[in-house]
Every structure is written in structure tokens, then in C-alpha cells.
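Q: Generate coordinates for the sequence data below:
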Amino acid sequence: MSDIHVSYNETIALCGIDFDLYSGEIHALVGSHRSGKSTLVKLLSGAVRKNSGTIIYKGNIFEYFTPQTSIQNKIGIVYQHLNIIPSLNTIENIFAGQMPGTRHLSIDYNTMLAKTYELFNKLNLQIDINKPLIELTKAEQHMVEIARIILLNPDIIILDEVSSKLAPHEMEKMYPIILDFKKQGKTIIYVSHNIDEIFDFADRVTILNAGRRMGTESVKDIDKIKLINLTFSFVIDRENLIKESSKLFYFKKYNENIIKNIPIGVIILDTEDKTYLVNFSAVKILNLENSEFDNQSINALLDGKIIEKKDKILETIKFREKLIMEEVIFNNEKILKISIFPFKDDNFVLLGTIILMEDISKDKYFKDYLLRIEKISSIAELAAGVAHEINNPLGIVKNYIELLKIEEISTTGRLKLVKIENEIDRINRIVESLLSFSKLNTFAKTKINIINVIEEIILLLGHKLKIKCIKLKKNYSSNEIYVSGDENKLKQVFINLLINSTEAVLNEGKIAVEISSNHKKSFTNISIIDNGCGIPEEIINKIFDPFFSTKANKKNAGLGLSICHHIIELHEGIITCTSKPGANTCFNIRLPLLDGNQQRI
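A: Okay, the predicted model is just below:
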């Protein structure tokens, strides 16, 4: 190049530059910011055209290069700023514009794949070639671009500020590649602002300053101080630079490790709402499967997850707002507290977003449990007192009825006495239910095969099922599933639930009893499912409350499900209900498993 002038409107980028390049050399190009380094190499790549001057390449005069003629003349450049197609994967980016074809005029994908693996082995790269580049790290994206240029097999390779984009350990892979190019007789123009770096491998160095060439020297003939004076660049002693960089690196890792190991879920997003960090607690809370989350969008991270008010969460992140949600249902099984905070630097420039999440399911269930226990205790105390007071006059009335039966009375009168006695018996049953609140606190536990219990109850209620032609389906994971408890009390629970199901379904309705065990987590699940009328959403949270009932018949006191709930909790279990009116209702009971060789007391 001789007497090259380039300007952008009124800004002069290069002013009378002379530059020569030899075959098989590493020629460094250094200078301070806006010295003209990038503009000079862009003349060779076709990205910039000169205003005046002469360019001679391999004996031929070129008025200018275009990107196409540059490639045709085997000139390749890795730009300072990424020149990739983010939506395409690694293979498609490497072969963009040069995809090999078959004789059937289709793309030869197998050849592309083989060459990519061969190239990656040569460069010692481990990158998922099927991922879109937008999902790779910036360093990996730069390495893909370098691979694309190498595939062109150029005679001149221009590396524009590569070291500023790659980490030190990644640059350690680049230096052998650069030296290998030189051994092959290729020429490298190495653009850098790091003066120390060029003393390691460059043959010659050209110094630019404010668009002018300050000189071209052989590296072996120039000392560092002279080079600094020519470029007016600041340089840090390499040993001190490595030392300080190591301190910063370990401090950064230390902080990241603290965040990764705290018991609260943390997701840190960058300014483009892509993940910078996802800690171990967040992985566990969100049931994430992949171990690599770098540079993944928050939309992709939450894709497929059933999160209450997900749109609100994504909208808050998008518009850089603050949000605290106390109770968020996740995947219909967890209750999360989610906090979203955009964070900024001292100049109020947005740096990203922090998402905090806590699994408060146990806290929520425990609080609800304590509230229920407190409510039941109060009701039990009241019920026991009322029951004892009612029992005394009921006993007296019962005695008078027996006396009246002895006397000679009319048939009509005797029928009336029977009706009165039946009503008193009903009152007695209600009183017994009230007393059961205070009697369930302690009971003897024995080893129980829950399958046998269910089978006995189904046999007992068989006549009810036949009357309504109900189809009963049973699905047991085993013939023997053992729990510890009071067999009669558990029978009371399952009888109550099955009777409720038989009353809820129409003639020829369906009831399913499913029993499974999870030995890893030591519990068994008993589900009773029917296709009856269902329970409306507005009352499903009240069905375990004492005296709450939706049944219209006069025999119901509204105590059955409340007592069932109390019995299951005393067995260290959980009873829940889900219902879709018009579709199905499922009562699910979870009880602790009892090991076959020991009794859990």
C-alpha cells in the first residue's frame, strides 16, 4: 500500500499511509484508540474503500477490494466486532456462502459435518455444533468465526483485536494456531492494542497514531520503551498484569460461588434478559435439567414451566420494573415467593436483572396445618362439652321410649315411637362424631397392609356399587404396601371417601382406586377418583372444615371430611382434593411407608 488516504465524511481515518507485507510473516499493527488500525485492514477485506493511493497485491494493482474479491484472493479477516448470523448454528455459520453441493444439487451436509469436526479437532474446540450461535458464549462465537476464516484456507489472515475478546486461557489456544499458519507460509496481520503481546510472536510491527504511520520495525530490533513512545499507548508490565488479573478472576469466582451455593434461588440476567448466572437452588426449585445456562433467554429458561402469572413476571423483567410476589404456584406442586429487581450502576445505567425465588411450600403447609390444628382443638373442646351435655337428656328420653314400648299402645303410636327412636339414634351418631375429635389424639399403631384394607371396604360397599351399576377400576402397584396406624380409623376414612364418590356419581358412573408407592421417598399414594358432579372451585378449600357440607340430605352433619382430615394428619399423612366440575374429582392420600422389616411407631 502506498500513500493511502481514507476519510469518513470530514473525519480523516488514514493520511498518506505506506504499508507492506511479506509472505510467511506475522506483522503486528499497533496504535492507540482511533489510530486507524481497523480501517487499514478493512481495505483488504473490502469493508472500506480508499479515497486515494495505490494497492498492489501479488503483482496486481487493485483499485479496491470487495468482500467477494477479497475472499477470491484468499484474504480472510476476523473482525473486532462479531460478523456472524446468530440464528444459524455453528455449521451453517462456518459454511455460509460456501456450502458444498452434491451432484443432485442438494447441500452436502455430511461433508460439512466432517470438515467441521476435523477443524474443531485441529483447533481443540468443544462446541455444540447444532446450537444456534445466539446460545453460545461470546468467546465461542469468536472461535466459530475464526474457524470459518480458517476453512477458506487464506494466504493472508487478519486478526483484528482478537485478544480483547478472548480470555487468557482461550488465547493460549490461539498462539499455536497463529504460529502454525506462519509455518505453512501464510501471512498474518495481527491488530492489537496490547504492546506486550506482540513481542511474543510477531516478526515486524507497524505503529499507527492518529491515522499516520509512525514507523515499521523488526520486532527484534526495537525495544519496548521506543515502541511505547511511538504509539503513546499505556502498557502494564506482563507479570503485574497477570497478577492483578488473577486477583480479579479469583475474586469474581469467589463471589459467584457464594451466589451459587446460597439456599435461595438466584437468576441473574444481563441487559438483553439472557442468563448470566443460575445458582444451584434455582436449578432445584425450577426442576431444570440442563447444566449449562449461559446466555439463555429467560423465556427459553421458563419454557414449558407452569408458573402462575408467568406473563406478568416476563413483562416485569422486560419493562425493568420491581415486583414481589408472595405466593406463586409452580407446576401445580410448589408455592414460590418470587422477587424481581433491576439493578444499575452508580450512573443509573442498567446492568441487568436479579430474580430471587424461595420455595415456601413447607412453610405454607405448616402454617395451614397449625391453623387447622388450632381450629380443630377449639372445636374439639367445644364439641366434647356440647356432646356430654346432650348425651344426658338423650339417655333419659331413650329410657322413656323403652317404658312406653312396654305399655299397650296403638300400632300408629308404636310406629311413631320407632321414628322417635331412629331420630335419637341419628342424634347419637352425630354426638359420637363430635366426641371423635377429642378421642383421636392418641391411639395404638399396628402394621397394616393398605391393600387389604381397601379390598375389605370395597367388598363391604359392593351392594351400593351394584345398585347404581357403578364401574369400579382398581390399579395397585403391589399386593403388599404396608403403613403404620389404626386400621379401624383408616377404614373410617376410606369408607367415607368411597361413600361420597358413590353418592356423587350417576348411575353407571365410574370410580377408580389407585395405589402406588415411592420407596425412594418412603410414602404411598392412595387416590380415589370419580366422574361425579365435582366440587366448585370457590368451595373446594372449605371441604375439610368442620360442619361444612354441600349435601342436601338430612343425615349429613358436615363432619365426615373434617374427621378424615384429622385422622390422616394423626397418621403423619396428607389428604388433598382436586376437582374439575363435570369431569372428575380426586381425593389423594399420602401416608408414610412402613419398612417390611421394622415397625414405624
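Q: Helices of the stretch 501-601 of the chain, residue ranges please.
A: Assigned by DSSP state H, counting those that start in this stretch, the stretch 501-601 of the chain shows helices spanning 560-570.
Q: Output the below-cut-off pLDDT ranges for it.
A: Applying pLDDT under 70 to the stretch 501-601 of the chain flags residues 546-559, 595-601.
Q: show me where it has strands.
A: Secondary structure of the stretch 501-601 of the chain (DSSP state E, counting those that start in this stretch): strands at 510-518, 523-530, 574-580, 584-592.
Q: mind listing what's buried in the third one?
A: So the one you mean is strand 574-580. 574-575, 577, 579 (16 or more other CB atoms under 10 Å). Heads up, the C-betas are built off the backbone N, CA and C, glycines and all.
Q: quick one, what contacts Lys42?
A: Residues near Lys42 by CB atoms under 8 Å, 6 or more residues apart in numbering: 48, 77.
Q: Burial check on Lys464, number of neighbours?
A: Neighbourhood size, Lys464 [other CB atoms under 10 Å]: 14.
Q: Please name the residues that touch the nearest residue to it once chain neighbours are set aside.
A: Spatially, and ignoring its direct neighbours in sequence, Lys464 is nearest to Thr502 (5.0 Å; CB to CB, 6 or more residues apart in numbering). Counting by CB under 8 Å, 6+ apart, Thr502 touches 461, 464-465, 468, 470, 511.
Q: What distance do you get for Thr502 to Lys510?
A: The span separating Thr502 from Lys510 equals 11 Å under the rule CB to CB, to the nearest Å.
Q: Find residues that contact each of the two.
A: Here Thr502 and Lys510 share the contacting residues Ile470, scored by CB under 8 Å, 6+ apart.
Q: How about the helix or strand that Leu498 is a member of, which residues are buried there?
A: Element membership for Leu498 (DSSP states H and E) is helix 487-504. Buried positions in helix 487-504, judged by neighbour count with 16+ other CB under 10 Å: 487, 489-498, 500-502, 504.
Q: Likewise for stretch 55-68?
A: Neighbour-count burial for stretch 55-68, counted by 16+ other CB under 10 Å, picks out 55, 57, 62, 65.
Q: Contacts for it, please.
A: Residues from elsewhere that reach stretch 55-68, judged by CB under 8 Å, 6+ apart: 1-2, 4, 43-47, 49-50, 54, 69, 73, 75.
Q: Leaving out the residues flanking it, which one is nearest to Thr39?
A: Ala13 (4.3 Å).
Q: could you check the distance from Gly304 over to Lys37?
A: Separation of Gly304 from Lys37 (CB to CB): 47 Å.
Q: for Ile222, same thing?
A: Separation of Ile222 from Lys37 (CB to CB) stands at 18 Å.
Q: what does Val205 give?
A: Shown here: Val205 relative to Lys37, a distance of 12 Å by CB to CB.
Q: Quickly list what's touching both of these two.
A: Shared contacts of Val205 and Lys37, defined by CB under 8 Å, 6+ apart, are found at 29-30.
Q: Go ahead and confirm Met143 touches Glu170.
A: Yes: with contact defined as CB atoms under 8 Å, Met143 reaches Glu170; the gap is 7.4 Å.
Q: Who has more neighbours out of the two?
A: With neighbours defined as other CB under 10 Å, Met143 and Glu170 compare such that Met143 has more, 25 against 17.
Q: Val144: neighbouring residues, count only.
A: Look at Val144: counted by other CB under 10 Å, it has 23 neighbours.
Q: Correct me if wrong, but it is in a helix.
A: Yes: in this structure, Val144 lies within a helix as judged by DSSP: H, G, I helix; E, B strand; the rest coil.
Q: Can you give me the pLDDT of the residue of the chain positioned farthest from its centre?
A: What lies farthest from the middle of the chain is Glu408; by CA atoms, centre = their mean that is 81.4 Å. Note on Glu408: pLDDT of 79.
Q: Over to Leu323?
A: pLDDT, Leu323: 93.
Q: tell me the contacts of the closest residue to Asn194 other than its chain neighbours?
A: Nearest residue to Asn194 in three dimensions, chain neighbours excluded: Ser163, at 5.9 Å (CB to CB, 6+ apart). Contacts for Ser163 (CB under 8 Å, 6+ apart) come out as 171, 174, 192, 194, 197.
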